[in-house]
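A.B. asks: coordinates only, sequence not included:
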């Protein structure tokens, strides 16, 4: 694991194969340095083994221990319902979430504050076109 002032980078390996990679990037500007963004990718052959969940739990623990951080954001594809459910169980929520960026019309940004409800997930699935426009 690589530690820098503004980031964490985690690589997960099985033997010599990279099976997952994740990063946590803290915003560098003073007024937003209490926020961090998360990126996570797990190789498909290793899905459903809890690897992504463990990495996310580590990032959440890190942010709690680092008193400076109080908001974690991540971007997820709107059609990645499995990931959305995992993030819900970890405490991310869709209330007042922004659309990621205009060039990524199939992504949403989820902040970590409270738990997603099943109705929140249903709202995303049913109303995605309205949300993104």
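C.D. replies: The structure has been received and is ready for your questions. Remember, it's a predicted structure, so these values are computed and weren't measured experimentally.
A.B. asks: So which bits of the longest strand along the chain are buried?
C.D. replies: The strand of greatest length in the chain, counted in residues with DSSP state E as the criterion, is given as strand 17-26. Residues of strand 17-26 classed as buried: 19-26 (neighbour count, 16 or more other Cβ atoms under 10 Å). C-betas here are computed from N, CA, C, even on glycine.
A.B. asks: Sheet partners, orientation included, of that strand?
C.D. replies: For strand 17-26, sheet partners with direction are given as strand 7-14 (antiparallel), strand 35-42 (antiparallel), following DSSP bridges.
A.B. asks: Make CSV out of these and add mean neighbour count, distance to residue 50 and mean pLDDT.
C.D. replies: Formatted as CSV, the entries for these read as follows, by neighbours: other Cβ atoms under 10 Å; distance: least, Cβ to Cβ, whole Å; pLDDT from 0 to 100:
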stretch, mean neighbour count, distance to residue 50, mean pLDDT
strand 7-14, 14, 11, 88
strand 35-42, 18, 10, 82
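A.B. asks: Ok, which of the ones you listed comes nearest residue 60?
C.D. replies: Each of the strands paired with strand 17-26 has some distance to residue 60 by Cβ to Cβ; the shortest is strand 35-42, at 9.3 Å.
A.B. asks: which residues touch the closest one?
C.D. replies: When contacts are taken as Cβ atoms under 8 Å, 6 or more residues apart in numbering, the neighbours of strand 35-42 outside the stretch itself are 12, 19-27, 51-52, 55-56, 59, 63, 69-75.
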